[in-house]
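Here's a sequence, model it:
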Amino acid sequence: MKRYLVGGAVRDRLLDLPVKERDWVITGASPEQMLALGYRTVGKDFPVFLDPQSGEECALARTERKSGRGYQGFTFHTGPDVTLEDDLRRRDLTVNAMAEDADGRLIDPYGGRRDLDARILRHVSEAFVEDPVRVLRIARFHARFAPLGFRVADETLALMRQIVDSGEVDHLVPERVWQEMVKAFATPAPSVFFHTLHACGALARVMPELAALSGVPQRADYHPEVDTLVHTLMCVDVAARAGYALPVRYAALVHDLGKAETPSAEWPSHRRHDARGVPLVEAFSARLRVPSVCRDLAIVHTREHLLIHQARELRPRTLLELLERMGAFRRGDTFESTLEASLCDARGRLGFEDDPYPQAAYLRDARACAATLQARDVMAEDVTLQGAAIGQRLQERRVEALKVWRDAGRASAS
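Next up, the predicted model:
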């Protein structure tokens, strides 16, 4: 019985990156032997155990054989006869198919160290095409390591296209697509994840609403990058660089889906793309089973982002109605998160990446002005008010306050 450190822990150590978790492979042992040594089983499909001392996961070396469609269509074999090399051969990338023995000696049967030094993400074997999840994983690894200069090997990208053309990606379950997307959002360059999926044809299969933005032009004076998909993915990268929460990153991704619905005769203008986009965001979120906190923010931002950009030109009543729809007077993060997503939209443009976004401060100040008036204030002014009349009077008083505040700001600016 031998135990080896494998996978990401070996890769990240060689890259001088922090090792967040360690995975182990054990050869020369049976499940019965593992249990007798005090290991606790946690795996359902194949034997995975928890180390009785460290609590880390240890898997018996295994081989796998394709037996059906999708990423679950595999049968596994474990036993004392399965070697470390057999186990490493079933892994996705050569840089993930390295191991270390108990003495720290590197075991690298498939050239992972060579590809690590060359900054190449390359498949281990032709068995790569059997698992459609690998299309998502390689795109996600590309997003994580692109800032270090990594690229996907041409032959690996060709195999990813083969997986797409075979229809295997159509069997990916929504939860797994979302899971990989969430991990991609957490990388330094999430745009690379989506660009890589687009390059192999997978984006059109798993996120057709997003793929439909490719080649859709925008006005070059507002969007020097022109292409709507390019703009969209620039917005996601802005959100990642700013460290914004997942709901903001998701809202940045889907806010312009409506531009794919613009008749080509109207290009490069996209009137009403905000309204057109809302049902697309709803459908996209439902299909991928996106959590409601992400979906709801994305809907608010998609619906309101054009007015948010125009906030300083809005009349007081329109401004108040916008604040109300953004949740400015309710508890929760919706208001601030919508402002963050709008900033990403403004800066996700070629040459505008570092521009100020005064609309955010303007809307925060407008909210503060309106919030100085509460229902109790109008009730104190007129004790005869009841029910809906209280809300109507409060709204009128807030509109008046916003008008005074706006006019004072314009006077001081002049």
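
The spatially closest residue to T94 that is not a sequence neighbour: how many residues sit nearby?
Excluding the flanking residues, the one nearest T94 by Cβ to Cβ, 6 or more residues apart in numbering is G112, at 4.2 Å. For glycine as for every other residue, the C-beta is placed from the backbone atoms N, C-alpha and C. Residue crowding around G112 was assessed by other Cβ atoms under 10 Å; the count is 25.

how close does G112 sit to T302?
Relative to T302, G112 is positioned 43 Å away (Cβ to Cβ, to the nearest Å).

try A9
Distance from A9 to T302, by Cβ to Cβ: 40 Å.

So for the two, which residue has more residues nearby?
The neighbour count for A9 versus T302, taken as other Cβ under 10 Å, is higher for T302 (26 against 19).

Verify the stated contact: the more buried one with L257.
Yes - using Cβ atoms under 8 Å, T302 is in contact with L257, at 7.3 Å.

Name the residues that touch stretch 210-220?
Contacts of stretch 210-220 with the rest of the structure, by Cβ atoms under 8 Å, 6 or more residues apart in numbering, involve 194, 198, 203-204, 225-229, 231-232, 253-254, 256-257, 259-260, 262, 267-270, 284.

Correct me if wrong: the residue nearest to T94 contacts R11.
Yes - because the distance of 7.3 Å satisfies Cβ under 8 Å, G112 is recorded as touching R11.

shared neighbours of these two, anything?
A shared contact of G112 and R11, defined by Cβ under 8 Å, 6+ apart, is any residue touching both; here these are 95-96, 98.

quick one: which of the residues you listed is nearest to L136?
Distance to L136, by Cβ to Cβ, is smallest for N96 among the shared contacts of G112 and R11, at 14.4 Å.

in its sheet, what does the helix or strand hosting V25 sit against?
When secondary structure is defined using DSSP states H and E, the element that contains V25 is strand 23-27. Applying DSSP bridges, strand 23-27 is found paired with strand 2-6 (antiparallel), strand 57-60 (parallel).

buried ones in that strand?
By neighbour count with 16 or more other Cβ atoms under 10 Å, strand 23-27 contains the buried residues 23-27.

Could you do stretch 330-342 as well?
334-342.

which one of those sits closest to L157?
The shortest distance between L157 and any of the buried residues of stretch 330-342, using Cβ to Cβ, involves A341 and amounts to 31.5 Å.

Downstream of the host helix or strand of the closest one, the next helix or strand is which one?
With the criterion set as DSSP H and E, the secondary-structure element containing A341 is helix 334-347. Towards the C-terminus, the helix or strand next in line after helix 334-347, according to DSSP H and E, is helix 358-371.

avg pLDDT for that following helix?
Throughout helix 358-371, pLDDT has a mean value of 97.

And for stretch 103-122?
Average pLDDT, stretch 103-122: 97.

Mind listing residues that contact it?
When contacts are defined by Cβ under 8 Å, 6+ apart, stretch 103-122 is touched by residues 4, 10-11, 14-15, 84-85, 88-89, 93-101, 124-125, 138, 141-142, 145, 148-153, 155-156.

Go through those residues and flag which are in helices.
Among the contacts of stretch 103-122, the residues falling in helices (DSSP state H) are 10-11, 14, 84-85, 88-89, 138, 141-142, 145, 155-156.

which of the residues you listed are buried?
Using 16+ other Cβ under 10 Å, the buried ones in the ones in helices among the contacts of stretch 103-122 are 10-11, 14, 84, 88-89, 138, 141-142, 145, 156.

which two from those residues end up farthest apart in space?
Comparing all pairs in those by Cβ to Cβ, the longest separation belongs to L84 and H142, at 26.8 Å.

pretty sure P80 is in a helix, no?
No - the assignment for P80 is coil, going by DSSP: H, G, I helix; E, B strand; the rest coil, so no helix is present there.

That one: what's it in contact with?
In this structure, P80 makes contact with 27-30, judged by Cβ under 8 Å, 6+ apart.

With T27 instead?
Contacts were defined as Cβ under 8 Å, 6+ apart; by that measure T27 touches 1-2, 4, 60-61, 80, 82-84, 87.

quick one: the helices in the stretch 251-400 of the chain?
Taking DSSP state H, counting those that start in this stretch as the criterion, the stretch 251-400 of the chain contains helices spanning 273-287, 292-309, 316-325, 334-347, 358-371, 375-381, 388-413.

Among the ones you listed, which comes closest to G38?
The minimum distance between G38 and these falls on helix 292-309, with 41.2 Å, by Cβ to Cβ.

Next, the buried residues of the closest one.
Across helix 292-309, burial judged by 16+ other Cβ under 10 Å covers 293-308.

same thing with stretch 25-43?
Buried residues in stretch 25-43, counted by 16+ other Cβ under 10 Å: 25-29, 31, 34, 39, 43.

what about L203, distance to L314?
The gap separating L203 from L314 is 36 Å, by Cβ to Cβ.

More neighbours: which of these two?
Comparing L203 with L314 by other Cβ under 10 Å, the one with more neighbours is L203, at 24 against 20.

in terms of contact, does the more buried one touch M181 like I think?
No - checked against Cβ under 8 Å, the pair L203 and M181 is beyond contact range at 11.3 Å.

sorry, back to before: for the buried residues of stretch 25-43, give me JSON lines that also has pLDDT.
Formatted as JSON lines, the buried residues of stretch 25-43 follow (pLDDT from 0 to 100):
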{"residue": "V25", "pLDDT": "95"}
{"residue": "I26", "pLDDT": "94"}
{"residue": "T27", "pLDDT": "95"}
{"residue": "G28", "pLDDT": "91"}
{"residue": "A29", "pLDDT": "90"}
{"residue": "P31", "pLDDT": "87"}
{"residue": "M34", "pLDDT": "88"}
{"residue": "Y39", "pLDDT": "90"}
{"residue": "G43", "pLDDT": "64"}
